[in-house]
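Undergrad: here is the input, now give the coordinates:
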Amino acid sequence: MISIAASLAGCHPRTLRIYEEEGLLEPVRTHTNIRLYSDADLARVRCIRYLTQVRRVNLAGVKLLLRFRDADELLDQLAALQAEGDRDDEQDAEPAANF
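TA: Below is the predicted model:
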């Protein structure tokens, strides 16, 4: 719930609503429209708060930085999948042992 999540993240519930309005955070909602925050959501909030309060980045800048981070993670995952595929191709290309 938003009040508990705000307490865990060290901010006001309105801050979480603002982050959601700005598209920085997308909590899951129940059928009764209650926001539910995951551990990943809370980590994202802490990251946003660090960038805004310590590094003095505005929310538009935070949005760009988070997109880059998300894109970087995606590229890392794609590279890992490509490497795995290359290893599978190498194993398929090895000649069978003569018995």
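Undergrad: quick one: buried residues of the host helix or strand of E84?
TA: Per DSSP states H and E: E84 is located in helix 59-93. For helix 59-93, burial by neighbour count (16 or more other Cβ atoms under 10 Å) applies to 59, 62-63, 66. (Each C-beta comes from the backbone N, C-alpha and C, glycine too.)
Undergrad: same question for stretch 19-37.
TA: Judged by neighbour count (16+ other Cβ under 10 Å), stretch 19-37 contains these buried residues: 19, 24-25, 27, 35, 37.
Undergrad: only alpha carbons, please: show that stretch as PDB.
TA: Output in PDB follows, covering the C-alpha atoms of stretch 19-37 (Å, rounded to 0.1, in the frame of the first residue of the first chain):
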ATOM      1  CA  TYR A  19       6.600   9.600  -9.500                       C
ATOM      2  CA  GLU A  20       3.700   7.600 -10.900                       C
ATOM      3  CA  GLU A  21       2.100  10.700 -12.600                       C
ATOM      4  CA  GLU A  22       5.500  11.400 -14.200                       C
ATOM      5  CA  GLY A  23       5.800   7.800 -15.500                       C
ATOM      6  CA  LEU A  24       8.800   7.000 -13.300                       C
ATOM      7  CA  LEU A  25       6.900   4.300 -11.300                       C
ATOM      8  CA  GLU A  26       4.200   1.800 -12.200                       C
ATOM      9  CA  PRO A  27       2.900   0.000  -9.100                       C
ATOM     10  CA  VAL A  28       0.500  -2.900  -9.600                       C
ATOM     11  CA  ARG A  29      -3.100  -2.100  -8.700                       C
ATOM     12  CA  THR A  30      -5.600  -4.400  -7.200                       C
ATOM     13  CA  HIS A  31      -9.200  -4.800  -8.500                       C
ATOM     14  CA  THR A  32     -10.200  -2.200  -5.900                       C
ATOM     15  CA  ASN A  33      -7.500   0.200  -7.400                       C
ATOM     16  CA  ILE A  34      -5.100   0.000  -4.400                       C
ATOM     17  CA  ARG A  35      -1.400   0.400  -5.300                       C
ATOM     18  CA  LEU A  36       0.900  -2.400  -4.500                       C
ATOM     19  CA  TYR A  37       4.600  -1.800  -4.500                       C
END
